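Asker: build me a model:
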Amino acid sequence: MANDIYNYSVMTNTGKGFITLEDSRAFWISGQPANVWIATDCRESRHWVARNRGVSKTKDQAQTLVTNSINTAKTNWDNNNVEGESSAEKIIRIGNKPVDVTIP
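Answerer: Predicted coordinates:
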């Protein structure tokens with residue numbers, strides 16, 4: 001399901017060949033949490049989604065998947081504590097707390 005600018009899909013990055021040089025030259029691609037992929041809506045990007053067995057999503061569906069994934073990561077971050085550890089030490093150990101993502 002595409003809109004006027006982007007198409008949204010869910011698929012697993014299979015490694016080499018998932019995004020070819022030709023793909024990256026033909027259209028813009030962005031990977032998001034929850035295996036959500038956003039690409040410029042054009043013939044080539046629709047072929048790329050089909051080639052990689054992607055499942056098309058609406059923008060709202062894609063945003064919900066991304067938001068749910070980020071919220072899970074935030075909860076996991078909040079619950080990953082070591083007794084006596086400072087906030088700065090926690091960030092050094094596991095990185096910054098995930099932030100909200102709004103897809104285009």
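Asker: neighbours of residue 27, just the number please.
Answerer: 19 (other C-beta atoms under 10 Å). Where C-beta positions appear, they are placed from N, C-alpha and C, glycine not excepted.
Asker: can you pull the poorly scored residue ranges out of this protein?
Answerer: Low-confidence segments of the chain (pLDDT under 70): 1-4.
Asker: what residue is smack in the middle of the chain?
Answerer: Nearest to the geometric centre of the chain sits residue 32, at 1.1 Å (C-alpha atoms, centre = their mean).
Asker: for stretch 67-76, buried residues please.
Answerer: Across stretch 67-76, burial judged by 16 or more other C-beta atoms under 10 Å covers 67, 69, 70.
Asker: for the residue nearest to the centre of the chain, list each beta-bridge partner.
Answerer: residue 36 (DSSP bridges).
Asker: what about the residue in the chain sticking out farthest from the centre, distance to residue 90?
Answerer: Most distant from the centre of the chain: residue 84, at 33.9 Å, with distances by C-alpha atoms, centre = their mean. From residue 84 over to residue 90 the distance is 11 Å, taken as C-beta to C-beta, to the nearest Å.
Asker: who touches both of the two?
Answerer: Common contacts of residue 84 and residue 90, defined by C-beta atoms under 8 Å, 6 or more residues apart in numbering, are absent altogether.
Asker: if we can go back for a sec, my read: the residue nearest to the centre of the chain touches residue 101, true?
Answerer: Yes: with contact defined as C-beta atoms under 8 Å, residue 32 reaches residue 101; the gap is 6.4 Å.
Asker: what is in contact with these two at once?
Answerer: In contact with both residue 32 and residue 101: residue 66, using C-beta under 8 Å, 6+ apart.
Asker: what segments of the protein are strands?
Answerer: 6-10, 29-32, 36-40, 55-57 (DSSP state E).
Asker: so which of those strands comes closest to residue 79?
Answerer: strand 29-32 (23.2 Å; C-beta to C-beta).
Asker: in the closest one, what counts as buried?
Answerer: Across strand 29-32, burial judged by 16+ other C-beta under 10 Å covers residue 32.
Asker: what's in contact with that strand?
Answerer: Strand 29-32 is contacted by residues 13, 19, 23, 37-40, 45, 48, 62, 66, 101, 103-104 when judged by C-beta under 8 Å, 6+ apart.
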